[in-house]
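> Build me a model:
(2 chains, ligands or ions: 3)
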Amino acid sequence: MTGFLIFLIIALIVVVMFQVTKTLDMVSELRADEKEEERHAVTQGRLMIAFLVLGLVGFFWTFGAYQSKLFPQSASVHGELLKNLFFWTLLITGVVFVITNILLFVFAYQYRWKNNRKAEHISHNNTLEFIWTAIPALVLTFLVVLGLRAWYQITGEESEDALVFEVTGQQFFWSSRYPGPDGVLGLRDYNLISAENPLGIATPEFIDHKRVDLLIRLRDLKQREAALPELIAAAQDIIDHNPNPYPVDSAKVTLKALLKEQKELPGLQNRTRAHYKRIVEKFTPEYLASAEVAPLIKAGYDDFMPSELHLPVDREVVARITALDVLHDFYIPYMSVKMDAVPGIPTRFKFTPTITTEEMREILKDNPEWQRIDEGATEPRWKNFIYEVACAELCGKGHNSMRYLLDVDTEEEYSAWLGQQTAFFDLQKESLVKWENAEYAEFEKAYVFIDAGGHGDDHGGDNHDNDHSGEEQHSAASASIAH
Amino acid sequence: MANAAISKPASHVHAEDHHHEEHHHEQGFISKYIFSTDHKTIAKQFLITGIIWAILGGALSVLFRIQLGYPDADLTWMKPILGRWLDEGGHILPEFYNALITMHGTILVFFVLTAGLSGTFSNLLIPLQLGARDMASGFINMLSYWFFFLSGAVMLASFFVPTGAASGGWTMYPPLSALAQSNEGSGFGTDLWITSIALFIVSVLLGGLNYVTTVINLRTKGMSIFRMPLTIWAFLFTAIIALLSFPALLAAGVLLLFDRGMGTSFFLSEIYTGGEALANAGGSPILYQHLFWFLGHPEVYIIILPAMGIVSEVLSVNSRKPVFGYKAMIYSIFAITVLSFLVWAHHMFVTGLNPFLGSIFVIFTLLIAIPSAIKVFNWIVTLYKGNIRFTPAMLFAIGFVALFIVGGLTGIFLGNSALDIDLHDTYFVVAHFHLVMGVAAFFGTFAGVYHWFPKMYGRYLNRTLGYIHFWITIVAAYLIFFPMHFMIGLPRRYPSHENFQFADMFGELNSFISLVAIISFAAQLLFVFNFFYSIFRGRKVRELNPWGATTLEWTTPIHPQHGNWPGEIPHVHRWPYDYGVNGREFIPQDEPEPGFVPEPEPVHRDPQNDQV
Ligand code: HEM
Ligand SMILES: [Cu+2]
Ligand SMILES: [Cu+2]
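Numbering: from 1, shown residues only, chains lettered A, B, ... in the order given. Ligands and ions are numbered 1, 2, ... in the order given. You can find the predicted model right below:
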């Protein structure tokens, strides 16, 4: 019904339009005389001027109107630099904007059609053209120089004592990691990620834990695979023999799902097995004990993972930015910090916060936009101000919900906060499964290196590797580094 | 209105004429309107297909503007169309929002502003303005359209995929676009997206080859390159850019398909998703971005150059003056063409790009502002001391210049890598490229359509509706996009900003913008109405050269047949901007200099005639 109504309305509009247009065409045919062009020129010319004037008024008005919505002050050292650059660019482009628009619309008005006007043949003017090539060139050079100075300052090396922290984006939240008292972030590997180790910190204990994790998974998959035929037969049986339609329908759904699962299981097992092998192959005892890696492994024990960022004011910090799944972008609007988080390729951003959260609240107190009281809130917005981290690279359906918080502290507050943090490893160590405890070596033989057993030689070097690692590494992995 | 005295001496009737006549015999409907090889028909096919896509793409934007401006609106009544993309409250789901912006961008950038603009006017004007009977290969030209059509059909089909259309943004960055488990739209919808774009690229390449070949080989006698109208220059360079840049996107698309389905790791490395650590190692998501933007940036010039060409022509014809600095315009187009290949990484300043490399791209990017500025100044001075006829085409051309100014100027902010840290992926960028590319290219298209409609259909578009269309559109364009500059820190591609304290203060402004967007969409429907009405009922064209232009397309009959000129192709004796010389209002290009004595004609002087 509504559909029909909408159709009717549209049809009506089209018919009316049709008639109106027809009339307009007829009128313009009737009124077509030599004055026609002049009449249009007058109307359109006036509209041009009106547009120019209103436009310019609007242009300046918006600057005033949105002043309070723009962030009042940059809360980082390079942010101020950018404000300066923004100002110069705005000034220059603003002048060009106003002048060119005035010329454009005023010329349009001034030289509007008159029957007795003769257009002048002006084809070019080299001097003029040289001037308006040279001026932009000079101005742009100025902006490039200003811009690149800031750019190199921002992207340059950090100082020795800069504080390092790490942020990691994943669908759809941020997490962070601090290096702990040693000041060095421990090694990470995405293969080691598990519920107990969400960033994949690489310590022998976490490595063992992940291996066990995968082995148990493999065992479960194997068992599931064995159980499936029976389930499928049962579902088939209902479909074939049960006359009652309801169970048949649901059995069909079940059957479909089961068959799908059956089809996917071998692939899943293969991938899990490959995953397991990657771990074993990478984290060999030699690797763990090597001069580059061993210190990094060690450094991982005291890393901590707070639920929000804290940074000391006026101290240079470097964010190491990573992503687990897809692209994200670490964005702190107030501090002009923005850097993509790329899976597999860590990026960095160096900055120096200059205003503590408390100080920023004081600053915002005078801003009308922040004096508002939100619906359902009791206090004005500025009281609840806190630096926010957002994601600035499309990452899927939760892209706009990747809110993370950053508290900028005074040195004292920051040390106090540091004092309250517990190393992530210490939080987790009770819940980690230990290799020595059980029959995992057996699992490994049964589920991972299944084809290695009697006829390893047939399969060439690959299996040699596996035999080797399978047999000897696990114990070594946990033993090689004394905690 | 000024009237060209089209003199066509009877002696020019060519011996080969009945050779032509055969082609004008009864053609079947199918070969005349569907599988036509006539460049004029193909141009109309591109235009009408483009208009249909523009309506669809625009409608998608209305939907997501409703989400942004009126997040509480209950769209349950649209359930029959939108189905499971609405939640129980009738709100647009975020997955769907992402699909909307992705398809909006893809459709408008590729189908409307590339195929619809360049496809239409390159096809229409290259042969007509150069004095050729058709494109170098009518058949390849037809293929070009049908590949475009097919590409559109595939894209359309992706809306009906159960997991939804592609939703990784028109840039389709992996890993999001590569991993079906990371994003609903990255399922089969993305395979279709890539397939569709691949077909599209084939279309562009076939078209481009034809344009370049035609411009190089099929100019009529006397049409030396510096007598070509600026439209042709623009189309030529557009085609060259397209030929050189689109293959990079094809490569990216194919590699992406491999990564999606065949376990390769071109763009993937060390990924943990869906509870699984993937085996891919050694690839780089950033590599994709380089390939994408190696097309992506030139693409924006593929879109804007034809509009620039059209605007130059329309401004000149309606000011009754030559384009100011014809040669400077050509050199600017050339400079833009070259530079457009050297700036792509300005879209990647915050990807962790090497800072030195970044600074090189800053320099080239801001360098490109110089030829852009030259063009703007030249357009403005073209008006100076003219006698300006405010046809709707002229209004749109003037509007184009205004929009290009704003957008070009904000480009200067973005091109400075340091400032881009603040601005990247915020509404400032959205404002920038919609004004400079989106709306401006539309204005170029409209200028072209209003101006050459009489050539296409032998009728005029209704002028009053044209005026209304123009004023609503330009005012709306500013009301929609200008305030977005002030949403500086606001991240783009967010279905709502209310999760953030720093970003949730633009609610009212967003509602206002959405309202204006809806109004301006309606105004475009007004144009669509005018277009189709006028094809059948518009005021008839009675004079060969209604705008008093100098170029050759106006020497053809009001309804040119396949082959364009019934007699001999006119020869060219002067550049296309002889306005106001020798006390004449204008002198058509095919008018000989006084005292010109034609050379004696060799027997087979004009090979084009044979080939039709
Ligand atoms: C004066 C010259 C121009 C300069 C310096 C310039 C600079 C830039 C820069 C640096 C960006 C990247 C912003 C970011 O994502 O952070 C950008 C984005 C963009 N520009 Fe321009 N631009 C100019 C003119 C144009 C023109 C003429 C067009 C089109 C006709 C255009 C279309 C675009 C588009 C489509 C994007 C956004 C793509 C996306 O991220 O989806 N620009 N521009
Ligand atoms: Cu995101
Ligand atoms: Cu670009």
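
> Quick check: residues of chain A near ligand 2?
A:328, A:391, A:395, A:399 (C-beta under 5 Å from the ion). (Each C-beta comes from the backbone N, C-alpha and C, glycine too.)

> What separation do you get for the residue nearest in space to the middle of chain B and B:I225?
With distances taken as C-alpha atoms, centre = their mean, the residue of chain B nearest its centroid is B:L113 (2.7 Å). Counting by C-beta to C-beta, to the nearest Å, the gap from B:L113 to B:I225 is 27 Å.

> likewise A:T357?
From A:T357 to B:I225 the distance is 65 Å (C-beta to C-beta).

> Among those two, which residue is more densely surrounded?
Neighbours around A:T357 and B:I225, counted as other C-beta atoms under 10 Å in any protein chain shown, are more numerous at A:T357. The numbers are 21 against 12.

> isn't the more buried one right next to A:I386, touching?
Yes - using C-beta atoms under 8 Å, A:T357 is in contact with A:I386, at 5.8 Å.

> Need the residues touching each of the two.
A:D407 (C-beta atoms under 8 Å, 6 or more residues apart in numbering or on different chains).

> what's the longest helix in chain B?
Identified as the longest helix of chain B according to DSSP state H is helix B:285-319.

> top of the residues of chain A next to ligand 2 by neighbour count?
That'd be A:H328 among the residues of chain A next to ligand 2, by other C-beta under 10 Å, with 33 neighbours.

> Tell me what it is bridged to.
A:A341 (DSSP bridges).

> My understanding was that it contacts A:E393; is that so?
Yes - between A:H328 and A:E393 there is a contact at 5.5 Å, judged by C-beta under 8 Å.

> so what sits against both of these two?
Joint contacts of A:H328 and A:E393 (C-beta under 8 Å, 6+ apart) are A:340-341.

> and the residue nearest to the centre of chain B, what is it in contact with?
Going by C-beta under 8 Å, 6+ apart, the list of residues near B:L113 reads B:303, B:437-438, B:441-442, B:445.

> just the strands in the stretch 251-400 of chain B please.
Taking DSSP state E, counting those that start in this stretch as the test, the strands found in the stretch 251-400 of chain B are B:272-273, B:276-277.

> quick one: contacts of the last one?
For strand B:276-277, contacts defined as C-beta under 8 Å, 6+ apart pick out A:190-191, A:193, A:271, A:275, A:278, B:271.

> And for stretch A:417-433?
A:177-178, A:180, A:196-197, A:201, A:203, A:205-206, A:208-209, A:212-213, A:300-306, A:310, A:407, A:409.

> how about low-confidence regions in chain A?
A:1-2, A:71-72, A:437-438, A:450-483 (pLDDT under 70).

> give the contact list for the residue nearest to A:L192 when sequence neighbours are not counted.
Excluding the flanking residues, the one nearest A:L192 by C-beta to C-beta, 6 or more residues apart in numbering or on different chains is A:G200, at 3.9 Å. Listed by C-beta under 8 Å, 6+ apart, the contact partners of A:G200 are A:188-194, A:206, B:272.

> now, which of the residues you listed sits nearest ligand 1?
Ligand 1 has its nearest neighbour among these in B:Y272, at 27.1 Å by C-beta to the nearest ligand atom.

> And the closest one, how far from chain A?
4 Å (C-beta to the nearest C-beta, to the nearest Å).

> In the sheet, which residues pair with that residue? Tell me.
B:A277.

> who touches it in this structure?
Contacts of B:Y272 (C-beta under 8 Å, 6+ apart): A:170, A:190, A:193, A:200, A:324-325, A:343, B:278.

> any idea which of those has the most stuff around it?
Ranking the contacts of B:Y272 using other C-beta under 10 Å puts A:P343 first, with 30 neighbours.

> and the stretch 151-300 of chain B, which of its residues are near chain A?
By C-beta under 8 Å from any C-beta of the partner chain, the residues of the stretch 151-300 of chain B that approach chain A are B:168-169, B:173-176, B:179, B:182-184, B:268-273, B:276-277, B:279, B:281, B:283-286.

> Following the record's annotation, map out the domains of chain A.
Residue ranges for the domains of chain A, per automatic domain parsing: A:33-115+A:126-155, A:163-167+A:304-428, A:182-298+A:436-452+A:465-482.
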